[in-house]
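K.L.:
quick check, what structure comes out for this input:
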Amino acid sequence: MSQGTVCEPGTAVFDNASRMVGVVQERRGSVLILIRPSGLRWQTRAISVRLVNDRERIQLAALARHHQQARTLAKLRQRVTH
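P.N.:
Presented below is the predicted three-dimensional model:
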């Protein structure tokens, strides 16, 4: 990560190694645990990430909305079938 950038939990970042956006869930020294709205978690090195740009922030928000809607629909379908 570029100098002066803080990788605190909750920070939205772009991981150059995986080419995906995610949110820092945990930091263990130079290793970050990232998570996506789908629940996908992965590890990467702090040096491999940068803060998200506006387009990537919008992408992350859209993914969060999509997964929230999918969870809501799954709950509704489960109620209907039971």
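K.L.:
need the helices for this structure, in chain order.
P.N.:
Under the criterion DSSP state H, the chain contains helices at 54-81.
K.L.:
low pLDDT regions in it?
P.N.:
Applying pLDDT under 70 to the chain picks out residues 1-6.
K.L.:
most centrally placed residue in it?
P.N.:
In the chain, the residue lying closest to the centroid (C-alpha atoms, centre = their mean) is G22, at 2.4 Å.
K.L.:
that residue contacts I33, correct?
P.N.:
No - counting by C-beta atoms under 8 Å, G22 does not reach I33; the two are 9.2 Å apart. Quick note: C-beta positions are derived from backbone N, CA and C, even for glycine.
K.L.:
find residues that contact each of those two.
P.N.:
W42 (C-beta atoms under 8 Å, 6 or more residues apart in numbering).
K.L.:
any idea how far I35 is from G10?
P.N.:
I35 sits 10 Å away from G10, taking C-beta to C-beta, to the nearest Å as the criterion.
K.L.:
can you list residues touching both of the two?
P.N.:
Common contacts of I35 and G10 (C-beta under 8 Å, 6+ apart): V23.
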